[in-house]
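Trainee: output the structure for:
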Amino acid sequence: MPPATSARSRKAAAPATRWLDADELAAWRAIAELLAKLPWALECQLERDADLSFIEYHALARLSEDPNHTVRMSELAELTNASLSRLSHLIKRLESRGLVRREPDPADGRFTNAILTDPGYALLVASAPAHVENVRSLVIDEFSAAELRQLRQAAKRLLARIEASKQ
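Mentor: Residues are numbered from 1 along each chain as shown. All right, here's what the predicted structure looks like:
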């Protein structure tokens, strides 16, 4: 059995920090700036044109993708990367506007379903063209098809690392 070590000696044995070189730092700063500015740009357009936040739009869009426009709250929280508490507040806001409703899951009453209403679907359909145009203008049209495939692959690799780090 190795001898007990003090906090000081354990700290000294920690691996050295791998600082970013100039190119890595420039890449990281560009990504960090993109992470800050792209959501804001998307949010501004949606707020202006549809009176929706980005996450509200995203939740409505995910609901619209289900054939019955119905998704369990816990699943919708996962799909929108929101905590169940945050999603519950968001759905409550959308519910107060008549865009969604909540009902117990008929298959298992312990769960609650979020259901996209007809007015919610109509708002989504009306706001989608401007949102898609904004996404195209800000991101998609800047890349060739091959670059988009590379971007998608790189994003999936990063997302996999993030998911693995949660465990």
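Trainee: do a quick rundown of the strands in the chain.
Mentor: Assigned by DSSP state E, the chain shows strands spanning 70-72, 100-104, 112-116.
Trainee: quick one: list the elements packing against the first one.
Mentor: This means strand 70-72. In terms of contacts (3 or more C-beta pairs under 8 Å, 6 or more residues apart in numbering; DSSP states H and E), strand 70-72 is packed against helix 54-65, strand 112-116. In short, each C-beta sits where N, CA and C put it, glycine included.
Trainee: with respect to burial, which of those scores highest?
Mentor: Taking mean count of other C-beta atoms under 10 Å as the contact definition, the stretch among these with the greatest mean neighbour count is strand 112-116, which reaches a mean of 22.
Trainee: in its sheet, what does that strand sit against?
Mentor: strand 70-72 (antiparallel), strand 100-104 (antiparallel) (DSSP bridges).
Trainee: any idea which of those is most buried?
Mentor: Burial among those, expressed as mean neighbours by mean count of other C-beta under 10 Å, is greatest for strand 70-72, which shows a mean of 18.
Trainee: show me what contacts residue 56?
Mentor: Residues touching residue 56, when contacts are defined by C-beta atoms under 8 Å, 6 or more residues apart in numbering, comprise 46, 90, 93-94.
Trainee: and it, how far from residue 151?
Mentor: 26 Å (C-beta to C-beta, to the nearest Å).
Trainee: ok, residue 114 next?
Mentor: With C-beta to C-beta as the criterion, residue 114 and residue 151 are 31 Å apart.
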